[in-house]
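# below are the sequence and a predicted model; questions follow.
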Number of protein chains: 2
Amino acid sequence: MDQKELVQLIREVTIRALANNQTTLEVPIAVSNRHIHLSKEHVERLFGRNYQLNKWKDLSQPGQFASKETVTLIGPKGKLEKVRVLGPARGDTQIEISLFDGYTLGITPPIRDSGDIDGTPSVNIQGPRGQLKVDQGLICAARHIHMNPDDATRFQVTNGQRVQVKVTGQRGVIFENVLIRVSPKYKLEMHIDVDEANAAQIKNGQWGVLIP
Amino acid sequence: MDQKELVQLIREVTIRALANNQTTLEVPIAVSNRHIHLSKEHVERLFGRNYQLNKWKDLSQPGQFASKETVTLIGPKGKLEKVRVLGPARGDTQIEISLFDGYTLGITPPIRDSGDIDGTPSVNIQGPRGQLKVDQGLICAARHIHMNPDDATRFQVTNGQRVQVKVTGQRGVIFENVLIRVSPKYKLEMHIDVDEANAAQIKNGQWGVLIP
């Protein structure tokens, strides 16, 4: 094999590798505004005894819903009003805000995966029937993709893996460290917060391309 | 050359290509909060006849300064108070806000390169001595890098080119379509807005890596 043939071979291998890299694996993107998941106990302390959250509308993830109820978050510098309560009630109360919201409150939320709230900041929560201070639970949710096992097979990714997602447009961005969350209960969707949506000028329902 | 030797050669070529790709071209990043550049005429209409802006502090770009003066922007949905006036006065008034600020005002600013304001939205501006409505000038500034011609040579880029900039960390992001602005007056610095800074959890003075 002479140099010319070798160069040709390297070219072909490279082109194939690039083409392989460019297989499009598209994911719909949803923008999460600030919201709160409440424990049953906290629902009762904020809304009254034996209170049940009232469904306002279904969310894309099966079983999850936005309730009609809202609360006010109170921090040392300011408050955030009409923060939507998501249902159903969970084991632990978790409050998800953007870094920008953190400036308003005067509390910097750490970037955390949902459910990982150990040692996160406390915040005051005001409801129509009571106020309480959670010991912890204030986070800025790490960008993530919900998918079911079939999606995971198709995308060749596993639960807990971090991937890149590319979003095109005038404010194009490649998001790194996007967490893959796999469960039979999940529907394929990437969740980002309002800061991330604005940075990439993303509207709800836009698609991104997953880069494993 | 047998297959084993060929594989070895391809491996070496690939490693060299990757190494070449990883040459680090670092750029310091500054976060621009909402601000306004005023024409001389508008300075007088908002602050009074023959008024001169008072320097509060120098900005990183030579000759540019943050003035002591602020104005209020008024939109159909809300207002933004204490918006910093940058000096010196310019030919045309230009107002730079984030997309998030746009929601507050109720006006969506287009993503534009600084100076490119034809057909952009109008907004009401309130100063201590007067109020005015600009015909146009409200933008969300496109992410860009200021540099002098020596930097441009070193980075192998030209004025007007768009590049990628990679920022590492928990919220790592690769910003695409970053405009290169070359002038002997400029000091090397990438400018992003507050939404972009939050999306990538960037603090003023952090560095990004330019990918030509």
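Right, received. Where do you want to start?

# so stretch A:87-107, near chain B or not?
Yes: residues of stretch A:87-107 are located near chain B by CB under 8 Å from any CB of the partner chain, namely A:98-100. Where C-beta positions appear, they are placed from N, C-alpha and C, glycine not excepted.

# start to end distance for that stretch?
Across stretch A:87-107, the terminal residues are separated by 25 Å (CA to CA, to the nearest Å).

# one step back: top of the residues of stretch A:87-107 next to chain B by neighbour count?
A:Ser98 (25 neighbours; other CB atoms under 10 Å in any protein chain shown).

# right, and that residue touches B:Asn198 too?
Yes: counting by CB atoms under 8 Å, A:Ser98 does reach B:Asn198; the two are 6.5 Å apart.

# residue contacts, the residue positioned nearest the centre of chain A?
Nearest residue to the geometric centre of chain A (CA atoms, centre = their mean): A:His191, 3.7 Å. A:His191 makes contacts with A:29-32, A:141, A:143-146, as judged by CB atoms under 8 Å, 6 or more residues apart in numbering or on different chains.

# from these, which single one is nearest chain B?
A:Arg143 (7.7 Å; CB to the nearest CB).

# which phi and psi does that closest one have?
Main-chain torsions, A:Arg143, degrees, to the nearest 10: phi -50, psi 140.

# state whether it and A:Phe175 are indeed in contact, as I suppose.
Yes: the criterion here is CB under 8 Å, and A:Arg143 meets it with A:Phe175 at 5.7 Å.

# just to revisit the earlier point, common neighbours of A:Ser98 and B:Asn198, please.
Counting by CB under 8 Å, 6+ apart, the residues touching both A:Ser98 and B:Asn198 are A:Asp195.

# ok, and the closest non-adjacent residue to A:Lys40?
Spatial nearest neighbour of A:Lys40, chain neighbours left out: A:Ala89 (4.5 Å); criterion: CB to CB, 6 or more residues apart in numbering or on different chains.

# what's near enough to touch the one you found?
Taking CB under 8 Å, 6+ apart, one finds A:37-40, A:43, A:53 in contact with A:Ala89.

# roughly how far does it sit from chain B?
A:Ala89 sits 29 Å away from chain B, going by CB to the nearest CB, to the nearest Å.

# buried residues in the helix or strand where that residue lies?
Per DSSP states H and E, A:Ala89 falls inside strand A:79-90. Neighbour-count burial for strand A:79-90, counted by 16 or more other CB atoms under 10 Å in any protein chain shown, picks out A:80, A:83, A:85-87, A:89.

# which of the residues you listed sits closest to chain B?
Nearest to chain B among the buried residues of strand A:79-90, with distances taken as CB to the nearest CB, is A:Leu80, at 13.6 Å.

# hang on, A:Val157 is in a helix, isn't it?
No: under DSSP: H, G, I helix; E, B strand; the rest coil, A:Val157 falls outside any helix and is assigned coil.

# and the residue nearest to A:Ser183 when sequence neighbours are not counted, what is it in contact with?
Nearest-residue entry for A:Ser183: A:Asn148, 6.9 Å, with adjacent residues in sequence omitted and distances by CB to CB, 6+ apart. Each residue near A:Asn148 by CB under 8 Å, 6+ apart is listed here: A:182-188.

# grab the nearest non-local neighbour of A:Ala141.
Per CB to CB, 6+ apart, closest to A:Ala141 is A:Glu96, 4.8 Å.

# repeat that for A:Ala152.
A:Val182 (4.7 Å).

# for A:Asp151, same thing?
A:Leu188 (5.0 Å).

# what's the answer for A:Gln126, then?
That would be A:Thr72: by CB to CB, 6+ apart, it lies 4.2 Å from A:Gln126.

# can you check A:Gly91 too?
In space, A:Gly91 is closest to A:Ser39, 6.3 Å off (CB to CB, 6+ apart).

# what bridges to the one you found?
A:Arg90 (DSSP bridges).

# could you verify my assumption that it touches A:Gln94?
No: A:Ser39 is not in contact with A:Gln94 according to CB under 8 Å; the separation is 9.1 Å.

# so between those two, which is more surrounded?
Using other CB under 10 Å, the more surrounded residue of A:Ser39 and A:Gln94 is A:Gln94, with 24 against 16.

# show me the beta-bridge partners of that one.
A:His37.

# chain A against chain B: which residues are in contact?
So chain A meets chain B at A:1, A:6, A:9-10, A:13, A:98-100, A:111, A:142-143, A:164, A:168, A:170-177, A:194-196, A:198-201 (CB under 8 Å from any CB).

# of these, buried ones?
With burial judged by 16+ other CB under 10 Å, the buried subset of the residues of chain A next to chain B is A:10, A:98-100, A:111, A:142-143, A:164, A:171-177, A:194-196, A:198-201.

# so of those residues, which ones are in strands?
A:111, A:164, A:173-177 (DSSP state E).

# what's the farthest-apart pair in these?
Across these, the longest distance by CB to CB is 17.4 Å; it joins A:Ile111 and A:Ile174.

# so where's chain A uncertain?
A:1-5, A:7, A:11-24 (pLDDT under 70).

# domain-wise, how is it divided?
Chain A resolves into domains spanning A:22-30+A:143-211, A:33-141 when parsed by automatic domain parsing.

# which residue sits closest to A:Arg162, ignoring its sequence neighbours?
A:Arg162 sits nearest to A:Asn177 (CB to CB, 6+ apart), 4.7 Å away.
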